[in-house]
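Asks: The following block contains a protein sequence and its predicted model.
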Amino acid sequence: VNRLAGVVAALHRAPAEIGILWSMSSLIFDGGAPYAESALRAFEGMSFSGQKVRFVSEAQCVNGGLAGLRLLVLPQLPAISDAAFAEIDRFIQDGGYVIRTGLSGPYDPRGLSRQDVISYTTRTYLIRGTDDAVGYLHACETAYADEALGQIPRSVNEFGYLLEGVKSRYVVHNGVEYLFLL
């Protein structure tokens, strides 16, 4: 373990390029189940991408937490604060890439309907059908093909598709490349 301590530290220090929105506002709807389950599936799908993934809260969005992210994932999101909604829209308008379901913040935290929607651009990747982990992984693959994320070694099958169920992380430490698979 001591021999790899520097590599483990490098994996920990590497910045996350993928953020998944954590919405306390969405947890109040329907006991929180639809959103929490969707966020878990999003994390599972993104963890197969080979990229470092982190959660970003609504408060972090408002306080600059989207800086440094290249891809933001919006799970089934029934509600979101007005300030976070505005920051996410600004992130998109400033060239950020987004993976999202069709349900992205139609209500404010009090359950009142919004009159506007989060922007769609050519950098928006929609989850089609149910939002399972594979759907998020496929949307991430599309973003990867569009060069939204840095090109890194990843575990793929003989057809070039990412291996589902294989979590991987890539890091360069002291000029040596490491690819960890689990």
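Replies: Looks like it arrived, so ask away. Residues are numbered from 1 along each chain as shown.
Asks: so after the helix or strand of the chain with the lowest mean pLDDT, what's the next helix or strand?
Replies: Within the chain, no helix or strand scores below strand 104-107, which has a mean of 71 by mean pLDDT, DSSP states H and E. Using DSSP states H and E, the next helix or strand after strand 104-107 towards the C-terminus is strand 124-126.
Asks: Which positions in that following strand come out as buried?
Replies: Thr124, Tyr125 (16 or more other Cβ atoms under 10 Å). Heads up, the C-betas are built off the backbone N, CA and C, glycines and all.
Asks: Sheet partners, orientation included, of that strand?
Replies: Sheet pairing for strand 124-126, assigned by DSSP bridges, gives strand 97-100 (parallel).
Asks: what is the rounded mean pLDDT of the partner strand?
Replies: For strand 97-100, the mean per-residue pLDDT is 93.
Asks: swap in stretch 169-182?
Replies: Stretch 169-182 comes out at a mean pLDDT of 88.
Asks: Could you check how far that stretch is from the centre of its chain?
Replies: How far stretch 169-182 lies from its chain's middle: 21 Å, per Cα atoms, centre = their mean, to the nearest Å.
Asks: Could you check it and say which residues are buried?
Replies: Arg169, Tyr170, Val171, His173.
Asks: Same question for stretch 98-109.
Replies: Residues of stretch 98-109 classed as buried: Val98, Ile99, Arg100, Thr101, Leu103, Ser104, Gly105, Pro106, Tyr107, Pro109 (neighbour count, 16+ other Cβ under 10 Å).
Asks: what's the answer for stretch 39-53, then?
Replies: Residues of stretch 39-53 classed as buried by neighbour count (16+ other Cβ under 10 Å): 39, 41-53.
Asks: And that stretch, end to end?
Replies: Taking Cα to Cα, to the nearest Å, stretch 39-53 runs 12 Å from one end to the other.
Asks: With stretch 67-74 instead?
Replies: Stretch 67-74 has an end-to-end distance of 16 Å (Cα to Cα).
Asks: got the contact list for that stretch?
Replies: Defining contact as Cβ atoms under 8 Å, 6 or more residues apart in numbering, one finds that stretch 67-74 is touched by 15-21, 42, 46, 56, 66, 88, 91, 96-101, 104-105, 118, 136, 140, 143, 148-150.
Asks: do that again at 6 Å, thanks
Replies: Here stretch 67-74 makes contact (Cβ atoms under 6 Å, 6 or more residues apart in numbering) with 15, 17-21, 42, 96-100, 104, 143, 148-149.
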